[in-house]
Structure formats: C-alpha cells, structure tokens
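[1] coords please:
(2 chains)
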Number of protein chains: 2
Amino acid sequence: MIQKLITNIRKTNAPIVVGLDPMMGFIPEHITKKAFAEFGETLEGAAEAVWQYNKAIVDEIYDLIPAVKPQIAMYEQFGIPGLMTFKKTVDYCKEKGLVVIGDVKRGDIGSTSAAYATAHLGKVKVGANLLTPFGEDFATVNPYLGTDGIKPFIDVCKEEKKGLFILVKTSNPSSGEFQDRIVDGKPLYELVGEKVAEWAQSCMGEDYSYIGAVVGATYPEMGKVLRKIMPKSFILVPGYGAQGGKAADLVHYFNEDGLGAIVNSSRGIIAAYKQEKYASFSAVDFAKASRQAVIDMIEDIGSALGNR
Amino acid sequence: MIQKLITNIRKTNAPIVVGLDPMMGFIPEHITKKAFAEFGETLEGAAEAVWQYNKAIVDEIYDLIPAVKPQIAMYEQFGIPGLMTFKKTVDYCKEKGLVVIGDVKRGDIGSTSAAYATAHLGKVKVGANLLTPFGEDFATVNPYLGTDGIKPFIDVCKEEKKGLFILVKTSNPSSGEFQDRIVDGKPLYELVGEKVAEWAQSCMGEDYSYIGAVVGATYPEMGKVLRKIMPKSFILVPGYGAQGGKAADLVHYFNEDGLGAIVNSSRGIIAAYKQEKYASFSAVDFAKASRQAVIDMIEDIGSALGNR
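    Residues are numbered from 1 along each chain as shown, chains lettered A, B, ... in the order given. Got it, this is the predicted structure:
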C-alpha cells in the first residue's frame, strides 16, 4: 500500500492528504435540512448529512489528491449510523482510487490490538469466510503500550500489504508533557522514533517502509531530527494551516527525493467556504471552495519544496 | 457514576469487574451454529453469536458483580454489526444495574477527543435533540497526547457525571519500553500517575474522584507506589488470572477502606468452561461455569484482602 501511496503522490504531484473530519457546524444548511427532512433530527439524519457532505467534497477533489484521512471520532460521535457513514466514506474513497488513512489512533495489547488491526486493516474469519470489517489502507496507532501493542498491527500489515502511522510527536500544545521528557539524555519522542525506525526496517516496500510516523507540523525542529532518525518512514504531518504549521517549516519533513512526508489539512480544506479567503464561494458551492483550497495548498507546499 | 460504582461494590462485596471480551473461539458451538443458521457466516452472524453469548453470561452473573468492562476492539473486528452488539451489550448491562466501563482506550486532541468523549460518555446535539451515541458509564483513555487529550474527556465527565480510567502502567510485558523510562529521576508512569492525581483532584465525588487509572496486576510493586501517588483515584486492575496477576499481590492496590481498586478478569470468567478447573460444566452450561468462576474470584480476592 506504501507503493500505491507513492504512485498516487507522484501522479498528483501533491504530497498532501485531506482530513475528512466533518463537524456538524461545517455542513451547509441545505444539506442538513434535506437529511433531517428525510431521517429526522436523529443519529441517522446526522450521519446522512455527513455522508452527503463528504461525498460532495470527494467528488470535487479526488483527482487532485493521493489520499484522504477520515478521523473516526467524528463519525463515532454519531453512534452506529455515524460509523456506517465512516465505512461508506472509506469504501467510496477507495473506489475513487484514493489511499485511505483511517485516523483511528487505536492501541492496546496482544489479542486486543490484533482485533483492532483486523477491524481496520485486516479480514476477520467467520466460519469459512474471510470478511472485511472497515478496510482502510493505513491506520494511525498509539505507541504508549510498547511493542506488544504495535506488533499485532505489523503482523496484519505484512499479511495484507497495509500500513501504519505511529504517533511519535503530536501537533498539540501539551504534547510535550510526556513526549518531550528527557530519557537517557534525549526526549521520549526520539526514543519512540528510534523504535519506529526499527519496526520500519522489518516492513520495507521498495524505497520506503509501510510503517510510518505521525509528527506534528507545529514542531519543525523536532521534525528535522525525526526525519533523520526514521529515514525509511513516511511522516504523516498534521497541524498545517488551522493549527499554525507553515509550508516553509515542513520542507525538512521530506527526504531529498521529494518523498517521505504527507501533509494533512482537515478543516482548512473541508470547511474552506467558511474562510474569508474563499468568501466568493457560497455555502451551496462549498465543495468548489474545497477544490480551490486543495489547489492553493498544493501550490503552497510545492513552492516551499521548490525553494529549499 | 463513581458513587454508583462504590454502591455496587459495597452491595456485592466484590471489587471486581468482568471483561466482556468475546472471541469467536470462546463461543460454544451450539450458539454459533444457531446464529449462522439464521444470519449466515457473515458479520451479522458473528455479531449475533457474540450477543447471545454475552447475554447468557450476564444473565447468570449480574447479581454477583458491580460492573462489566466490554472491550470494544472485540466488537469492532466484526464491523458495524459487531458495534451494534457492543451497544446492545452496554444497554443490556445498564438495564441490569451494572456499571459499564467501555474499554475503548481512545485518545486524541481537542475537538477530536471531545468527539470521542461524546461518543462514549456524552450526548451529541443533532438539530434540537440531544442523543446518546454509545452511553457507557466510564471509558479508558490513553494519556500519550497529554492534557489536551484528557481535558475534553474530563469536561464531558463533569457534565454527565461519568468517569475515566487513564492508562498509567499497563499489564503487558513490553509496557516498560516507554512507561518505565526514567524522567527526572522517576519512571514515566509515575509522572503520568501524578498528572492523574492532579486531574482527579478537580473531579471529586464524595470520597473518591471519578478520574481513575489503569495499573496492571502484573506489576504489584509499581501498583503499591501508584496507590500512594493517586490516593483519590480508583485503580482498574487488568492482568489478574490469565496474565499471571495473583490476589495476594493486589492488596496494595486497595486503600485501607477496602475500596479504591477494581480487579478485572476477562477470559478467566467468560471462557471459564474451557478451563480444566471447570471441566464438570459442559459447553452448554458455559454461563454456569462463568458464575462459578466469579464466585471463586470474589472468594480469592476477598480472602487476600482479609489476610492483609
């Protein structure tokens, strides 16, 4: 799957991923109104609104981008109907040729981690059948529980040719509380990065491993160091745009080959029509505003990479 | 909700929780056969088998125990139908008067953590309605992202009178890889424990906080230390039985009042009929074997607490 991600990035010339993290406040009224008219102000109604919103955006931008990253929490908050929309979104994006990164941040131990890995990247055995529960291409995972938590995910990745992005240094202000603490003379996130590099080594595609890392755009100096620690891993970079990360800061997340990183933007793209910059687009044209925002983001990152 | 947990523990005189972590291999053939006959060898068929298995066990043991802890990964692996069984199990156990700890180990930042908190402990606003997505009483959460990840959960807990168990020291062999690393002269898990104590202070019930911690039964010396660091927090203790934790080791997880800890057993209870010890129960009587295993566990922990 790492090869497909690389192929898609080369084809689109866009090392970016769009976070499909819908919040009710983002969805234009004409969509919610229609969904509520059909399903009521229910979890089903909310889930239908989210689905129509996602679909319109994906239809408008899929040809420009290599990948999407649906954040499962935003679907889980609408219970079962929300998760049905998550699954529908995953399937639809895969049909459109996109790589789907399930931003699920799961992590547990042993058979429980194996069950999560099965849920999101694998197939589950029921009687004589092998069935696909959610079927994303990549999943994000949390390393706090150590190798016991990661190994079952890696096993499924090897079998299914899927991939991981392991949280190393997250983009939020308080990420340093534990991640930056000094252990044996270096911060914990470096230690986690070294483990990722070790795991990555055992899961190589052609030039890159299918075990990657999450490193926030908001900590570019740390990104520079982590790039070197994990040379074979793709870095998934949240925090661009809304959270304050700038394109110029991100060039060091990439390798010399122009690969090795994929920069995420969520609300900056999917709720672009709410920004002053895209005020010329009406709420009805929200997906067209998203398309323009994608074009602008590709240009922004492309020119920063060109200037380095 | 912490008061309800304490009331239930006092009523049953059983500081234990049963982990409803069903695996297909645990479910007796007469149940899977019937479920597959009705729904086929499908995700729906598997979910139905899990539901019938859970229901039979809960019906047999609910009067003996204060709480259950369904592990969502085991349901998520059967996709949407699996999660429907998770929700049905949560609802059914609440109807039976049990406290439900959603073992979801979620954790993210800001609005995403808020969405997870809403999904599992809160209510979501859809139009003019406030709806309950999954509705557990407690959730387990992962602290790797720091305060930004925990705060949104705490906010929902305050509003809804729900509670958390935050991962501090997990029961697995490799948990030390990151959790035991020395930071400023003490292990990281102690640092996390200190944070839990701080968060707990702001969320007090009567004698205990509704912010608790997870500390594995397999590290009793660390449990002893963490008990003192987090005096107002309940400790959820996985790792008893199958993972090797012994009752005598667990007495120091409790406070002098006999409260402050709740010991989990999963497969030791729900798959008791597969153990040599309970070989007198046939597969058809699997739930009766579970009842006996609960009685034995209460006796084991009770006598260890009596002997201290």
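[2] And the helices in the stretch 1-150 of chain A, which stretches?
    Counting by DSSP state H, counting those that start in this stretch, the stretch 1-150 of chain A has helices at residues A:2-12, A:29-39, A:43-61, A:73-76, A:79-95, A:110-121, A:147-160.
[3] so which of those gets nearest residue B:254?
    helix A:110-121 (25.6 Å; Cβ to Cβ). From N, CA and C alone the C-beta is placed, and that goes for glycine too.
[4] any idea how far the spatially most central residue of chain A lies from residue A:288?
    Chain A has residue A:69 as the residue nearest its centroid, 3.4 Å off, counting by Cα atoms, centre = their mean. Between residue A:69 and residue A:288 the computed distance is 21 Å (Cβ to Cβ, to the nearest Å).
[5] what sits against residue A:51?
    Shown in contact with residue A:51 (Cβ atoms under 8 Å, 6 or more residues apart in numbering or on different chains): A:85, A:88-89.
[6] Most neighbours among those residues, which one is it?
    residue A:85 (25 neighbours; other Cβ atoms under 10 Å in any protein chain shown).
[7] hang on, isn't that one packed against residue A:52?
    No. At 9.5 Å, residue A:85 does not count as touching residue A:52 under the criterion of Cβ atoms under 8 Å.
[8] Residue A:165 in helix, strand or coil?
    Classification of residue A:165 using DSSP: H, G, I helix; E, B strand; the rest coil returns strand.
[9] So what sits opposite it in the bridge?
    residue A:140, residue A:212 (DSSP bridges).
[10] That one: neighbouring residues, count only.
    Using other Cβ under 10 Å: residue A:165 sits among 28 other residues.
[11] mind checking how far it is from residue A:102?
    10 Å.
[12] just residue A:11 next, same as before
    Distance, residue A:11 to residue A:102, by Cβ to Cβ: 22 Å.
[13] what about those two, which has more around it?
    residue A:102 (25 against 11).
[14] Neighbours of the spatially closest residue to the more buried one that is not a sequence neighbour, how many?
    Nearest residue to residue A:102, sequence neighbours excluded (Cβ to Cβ, 6 or more residues apart in numbering or on different chains): residue A:136, at 3.4 Å. By other Cβ under 10 Å, the residues close to residue A:136 number 29.
[15] wait, residue A:136 sits on residue A:100?
    Yes. Here residue A:136 reaches residue A:100: they are 4.8 Å apart, a contact under Cβ under 8 Å.
[16] Mutual contacts of those two, please.
    Shared contacts of residue A:136 and residue A:100, defined by Cβ under 8 Å, 6+ apart, are found at residue A:90.
[17] And residue A:19, how far from residue A:96?
    Distance from residue A:19 to residue A:96, by Cβ to Cβ: 16 Å.
[18] which one of the two has more residues nearby?
    Taking other Cβ under 10 Å, residue A:19 and residue A:96 do not tie; residue A:19 has more neighbours (23 against 15).
[19] ok, and the closest non-adjacent residue to that one?
    Per Cβ to Cβ, 6+ apart, closest to residue A:19 is residue A:266, 2.9 Å.
[20] what sits against the one you found?
    A:18-21, A:69, A:71, A:238, A:242.
[21] Would you mark the buried spots in the biggest helix by length in chain A?
    Counting by DSSP state H, the longest helix found in chain A is helix A:286-306. Across helix A:286-306, burial judged by 16 or more other Cβ atoms under 10 Å in any protein chain shown covers A:286-294, A:297-298, A:300-302, A:304-305.
[22] Sketch out the low-pLDDT regions of chain A for me.
    Nowhere does chain A drop to pLDDT under 70.
[23] May I see the buried residues of stretch A:227-246?
    So stretch A:227-246, judged by 16+ other Cβ under 10 Å, has buried residues A:227, A:229-230, A:232-241, A:243, A:245.
[24] Then stretch A:209-227?
    A:209-220, A:222-223, A:225-227.
[25] Could you do stretch A:114-134 as well?
    Buried-residue list, stretch A:114-134, by 16+ other Cβ under 10 Å: A:114-124, A:126-127, A:131-134.
[26] same deal with stretch A:252-264?
    A:252-255, A:258-264.
[27] Tell me the residue of the stretch 51-200 of chain A that sits nearest chain B?
    As assessed by Cβ to the nearest Cβ, chain B sits closest to residue A:127 within the stretch 51-200 of chain A, at 3.1 Å.
[28] so that residue sits right up against residue B:41, yeah?
    Yes. Between residue A:127 and residue B:41 there is a contact under Cβ under 8 Å: 3.1 Å.
[29] Nearest residue to residue A:206 in space, please, no chain neighbours.
    That would be residue A:3: by Cβ to Cβ, 6+ apart, it lies 6.4 Å from residue A:206.
[30] likewise residue A:210?
    Per Cβ to Cβ, 6+ apart, closest to residue A:210 is residue A:163, 3.7 Å.
[31] Please list all residues in contact with the one you found.
    A:1-2, A:5, A:137-138, A:157, A:210-212, A:234.
[32] what's the answer for residue A:4, then?
    Contacts of residue A:4 (Cβ under 8 Å, 6+ apart): A:99, A:137.
[33] any idea how far it is from residue A:166?
    20 Å.
[34] swap in residue A:117?
    13 Å.
[35] before we move on, what about residue A:75?
    For residue A:75, the distance to residue A:166 - Cβ to Cβ - is 22 Å.
[36] quick one: the closest residue to residue A:32 other than its chain neighbours and residue A:40, what's the gap?
    Residue nearest to residue A:32 in three dimensions, not counting chain neighbours: residue A:49, with 4.7 Å by Cβ to Cβ, 6+ apart. Taking Cβ to Cβ as the measure, residue A:49 falls 12 Å from residue A:40.
[37] repeat for residue A:7
    Separation of residue A:7 from residue A:40 (Cβ to Cβ): 43 Å.
[38] what sits against residue A:66?
    Neighbours of residue A:66 in contact, by Cβ under 8 Å, 6+ apart: A:5, A:8-9, A:11-12, A:14-17, A:98-99, A:262.
[39] Pick the one among those closest to chain B.
    residue A:17 (15.6 Å).
[40] and the closest one, how far is that from residue B:83?
    Computed with Cβ to Cβ, the distance linking residue A:17 and residue B:83 is 25 Å.
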